[in-house]
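Peer 1: need coordinates for the below:
(one chain, ligands or ions: 1)
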Amino acid sequence: MSDYPQAGYFDRKRSASYERRATRLLGGLYRLVASDVAAFAPPGGVVLDVGTGPGRLLHAIAARRADLVLGGVDLSADMVDIARAGAPSSRITFQVADVASLPYSDDSVDVVVSTLSMHEWPDRRRAVAELGRVLRPGGALLVYDFRFARIDRESFSGFADVRRVPVRPKWWPAPLFAKITASVS
Ligand SMILES: C[S@@+](CC[C@H](N)C(=O)[O-])C[C@H]1O[C@@H](n2cnc3c(N)ncnc32)[C@H](O)[C@@H]1O
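Peer 2: Just a heads-up that it's a prediction; the model follows:
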């Protein structure tokens, strides 16, 4: 039986290994997503990265927009330790939390972003509803995941302008990723 709350949990060893691979392979994806976030976030806005892992996406966003308040949450305490240790500035805060129960109040976030995490959420409908709860009216949801990840469109029924398009970061030979964008009306 697993010692961890769910299958595939990122323990210390797996988190450290993921951080090394992500740093080497995913810089192009993080830069692409950071540009999208920078385009959506209002001046001084609050950005939340859900399933932040080692937090590298938030580094890329911080490099583009010095005005934003940046937070990351992850289910794995080991990932959060790695993210905190690598944070380039105290402007980025990291917390241990499940996507289904975020430590943010209603209508408090301008942009919720997530990369390569949604396919691991056990109850996507509940998770996406929780993302909608913390987003303020007019806020943006940007979710990037593998193209093969199954999407239940019903999960996004509470959002407006829902779109799903393939994404190919520079130098990637094929569009392995897809992004879902949506807004809160
Ligand atoms: C493949 S990693 C992606 C990390 C990071 N977003 C990136 O793009 O490098 C998936 C992350 O999602 C986190 N995760 C999985 N289920 C979660 C949940 N229910 N709530 C919060 N985070 C979760 C995992 O702990 C892991 O750090």
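Peer 1: now the helices for the chain?
Peer 2: Ranges of helices in the chain, per DSSP state H, are 12-25, 27-40, 56-64, 77-86, 124-134.
Peer 1: format those helices as JSON lines; extra columns: distance to residue 118.
Peer 2: C-betas here are computed from N, CA, C, even on glycine. Formatted as JSON lines, those follow (distance: least, CB to CB, whole Å):
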{"stretch": "helix 12-25", "distance to residue 118": "16"}
{"stretch": "helix 27-40", "distance to residue 118": "13"}
{"stretch": "helix 56-64", "distance to residue 118": "14"}
{"stretch": "helix 77-86", "distance to residue 118": "16"}
{"stretch": "helix 124-134", "distance to residue 118": "7"}
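Peer 1: could I get the ones you listed as TSV with mean neighbour count?
Peer 2: Below are the helices of the chain laid out as TSV (neighbours: other CB atoms under 10 Å):
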stretch	mean neighbour count
helix 12-25	14
helix 27-40	18
helix 56-64	21
helix 77-86	19
helix 124-134	20
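Peer 1: can you add mean pLDDT and give these back as a markdown table?
Peer 2: Below are the helices of the chain laid out as a markdown table (pLDDT from 0 to 100):
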| stretch | mean pLDDT |
| --- | --- |
| helix 12-25 | 93 |
| helix 27-40 | 96 |
| helix 56-64 | 96 |
| helix 77-86 | 95 |
| helix 124-134 | 97 |
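Peer 1: format the ones you listed as JSON lines; extra columns: distance to the ligand.
Peer 2: Shown next, in JSON lines, are the helices of the chain (distance: least, CB to the nearest ligand atom, whole Å):
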{"stretch": "helix 12-25", "distance to the ligand": "4"}
{"stretch": "helix 27-40", "distance to the ligand": "7"}
{"stretch": "helix 56-64", "distance to the ligand": "6"}
{"stretch": "helix 77-86", "distance to the ligand": "4"}
{"stretch": "helix 124-134", "distance to the ligand": "7"}
